[in-house]
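S.K.: What follows is a predicted protein model with its sequence.
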Amino acid sequence: MDNSVLKADAEKEVQRNPHPDFKGVEASRPSFDKSKKFHFVKTPKPEWKPGDGANNPSNLSKKHREIDPYAEGRPAVHNYKLLISGIAPRPIGFVSTISEDGESTNLAPFSYFNLINHDPPLFVLGFSGGLDRAKDTLSNLLATKECTLNIINEDYIEAANYTSINAPLGVSEWPLSGLHPAKSKVVKPDRVQEAVFSIEAQLVETREWESKATPGKKTGVLGIVEGVRFWVREDAIDEDAVLIDPAVLKPISRFGGITYGRVTEAFELTRPQYEEATKVSEVAQLVRRKANGQLE
């Protein structure tokens, strides 16, 4: 079975799109607000003090539902939908790879993606299915041990999303997206020229996962890659090459279903220092309290 069939079958099972007439639903919504720029605001509760707890105490009276991920009759796809809607927002890994013979290129977005270490710079990618059913990106990564990671922003989200199409093996998503490949320095796969931030990476290791619902079935592969070169657009990076300006990066995040999110505002919170904080008598008293509220 070729990879396009695997992709189509997976989408059919997930039923990600909740709208039979997506364009009709989209037409009823307000336009994308291009005038809304990234800015800083105050924290939700600037007057918060140690021990104050949550900002909405009334939520304590609301009940929770217990869910057994392997309850009888619960399909594994229900866990998928639950997790991607609850672990949010998630960064998107926009991965460029090339086949071992150099004849075929691939570009695809992944919502199982994150940074896990800075020295060395390490990133994780999660691939659905097992090594025996590896899709194009994983096949290329296993063969060449190389890829580029590109951070998607609101300036090219439609193009990036279109690369998730279930194209047959050997058909490149680059022309379909209209995005521009840019040469890398260390690895062979191109980076995305439109990306404000890109990372050249090399494969460190992989691990395959087996289903607990269906023992023997391989359901996923974890890939760990190491960043070996960073590319940041000049107007987004400070003089010391330390901080990327979020107002220029304009990252897009992933939610459940077919939902994406943008970042238009942020707030800052300082990290508390124990020695300084406990000089305040009220904080010191909280430290001496047990979990049940009683003093030690």
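M.R.: Structure received. Numbers count the residues shown, from 1 in each chain.
S.K.: Distance-wise, check Pro30 relative to Glu234.
M.R.: 33 Å (CB to CB, to the nearest Å). For every residue, glycine as well, the C-beta is placed using N, CA and C.
S.K.: Could you verify that Thr214 is part of a strand?
M.R.: No. Applying DSSP: H, G, I helix; E, B strand; the rest coil, one finds Thr214 to be coil, outside a strand.
S.K.: mind listing what the residue nearest to it when sequence neighbours are not counted touches?
M.R.: In space, and not counting its chain neighbours, Thr214 is closest to Ala76: 7.7 Å by CB to CB, 6 or more residues apart in numbering. With contacts defined as CB atoms under 8 Å, 6 or more residues apart in numbering, the neighbours of Ala76 are 211, 213-214, 219.
S.K.: Same question for Glu100.
M.R.: With CB under 8 Å, 6+ apart, Glu100 has these contacts: 140, 143-144.
S.K.: Most neighbours out of the residues you listed, which is it?
M.R.: Among those, Asn140 has the most neighbours (other CB atoms under 10 Å), with 25 neighbours.
S.K.: Let's verify that one: helix, strand, or coil?
M.R.: Asn140 is classified as helix under three-state DSSP.
S.K.: residue contacts, it?
M.R.: Asn140 neighbours (CB under 8 Å, 6+ apart): 97-100, 104, 106, 147, 189.
S.K.: From these, which land in strands?
M.R.: By the criterion of DSSP state E, membership of those in strands covers 97-98, 106, 147.
S.K.: which of those lies closest to Tyr156?
M.R.: Comparing the ones in strands among the contacts of Asn140 against Tyr156 with CB to CB picks out Asn106 as the nearest, at 17.2 Å.
S.K.: how about the nearest residue to that closest one, chain neighbours excluded?
M.R.: Excluding the flanking residues, the one nearest Asn106 by CB to CB, 6+ apart is Asp136, at 4.4 Å.
S.K.: is it true that that neighbour touches Ala108?
M.R.: Yes. Contact criterion CB atoms under 8 Å: Asp136 and Ala108 qualify, at 7.1 Å.
S.K.: Point out where this structure drops to low pLDDT.
M.R.: The chain contains residues with pLDDT under 70 at 1-13, 290-296.
S.K.: got the residue ranges for the helices in the stretch 151-296 of the chain?
M.R.: Taking DSSP state H, counting those that start in this stretch as the test, the helices found in the stretch 151-296 of the chain are 157-162, 174-177, 246-249, 274-277, 281-287.
S.K.: out of those helices, nearest to Leu125?
M.R.: Closest among those, using CB to CB: helix 157-162, at 15.6 Å.
S.K.: Enumerate residues external to that closest one that contact any of its residues.
M.R.: 92, 94, 109, 152, 173, 176-179, 194, 252, 260.
S.K.: let's see it at 10 Å
M.R.: 32, 92, 94, 107-109, 150-153, 156, 173-174, 176-179, 192, 194-195, 250, 252, 258, 260, 262 (CB atoms under 10 Å, 6 or more residues apart in numbering).
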